[in-house]
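1. Here is my input; please provide its structure:
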Amino acid sequence: MRGVNRSRSVRRGTVRQTDVEDLTMKYFFSSDLAWRYGYGMAVYIAAQTSDLQRGIEATNAQRKRVGRRLLEDATVEEIISSLRTRGILPVETSTRSADLSDADTIG
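-> Reported below is the predicted structural model:
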């Protein structure tokens, strides 16, 4: 497995490249993920995102050959949303909604 090519311009959480070999799990891992979800879950999220992006890149190669529209790149946020939907990650509740319900009980 090759290392991450950091010279590519990349938006946060997405990939804008066609070199599938550079789409390792390390590419999607960040200290923010580890801090927020714990190291093990951050590694899992990065691995899932990497797998999804590899599949998208393979599909896009086929679609490009036949002249079809390419699929969007994978994002870490999509994987987190999917994990929440499946119950693997807890759903985040907004602290503002808790404040509003407390205000209703006071007044």
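2. any weak-confidence spans in this structure?
-> Scanning the chain for pLDDT under 70 picks out 1-23, 93-107.
3. What is the longest helix anywhere in it packed up against?
-> Counting residues, the longest helix found in the chain (DSSP state H) is helix 39-65. Packing partners of helix 39-65 (3 or more C-beta pairs under 8 Å, 6 or more residues apart in numbering; DSSP states H and E): helix 25-28, helix 31-37, helix 76-85. All C-beta spots, glycine's among them, are computed from the backbone N, C-alpha and C.
4. quick check: angle from it to helix 76-85?
-> On the basis of axes from the mean of the first three to the mean of the last three C-alpha atoms, to 10 degrees, helix 39-65 is oriented at 120 degrees to helix 76-85.
5. Give the buried residues for helix 39-65.
-> 41-46, 48-50, 52-53, 56-57, 60 (16 or more other C-beta atoms under 10 Å).
6. now these in TSV, with distance to residue 92?
-> Shown next, in TSV, are the buried residues of helix 39-65 (distance: C-beta to C-beta, whole Å):
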residue	distance to residue 92
41	14
42	16
43	20
44	17
45	14
46	19
48	18
49	19
50	23
52	21
53	24
56	26
57	30
60	31
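7. Closest to residue 89 out of these?
-> residue 41 (7.3 Å; C-beta to C-beta).
8. residues contacting that closest one?
-> 33, 89 (C-beta atoms under 8 Å, 6 or more residues apart in numbering).
9. any idea how far it is from residue 50?
-> Note on residue 41: its distance to residue 50, by C-beta to C-beta, to the nearest Å, is 15 Å.
10. And residue 80, how close does it get to residue 58?
-> Residue 80 sits 23 Å away from residue 58, going by C-beta to C-beta.
11. circling back: which among the helices and strands packed on helix 39-65 is found nearest to residue 91?
-> Distance to residue 91, taken as C-beta to C-beta, is lowest for helix 76-85 among the helices and strands packed on helix 39-65, at 5.3 Å.
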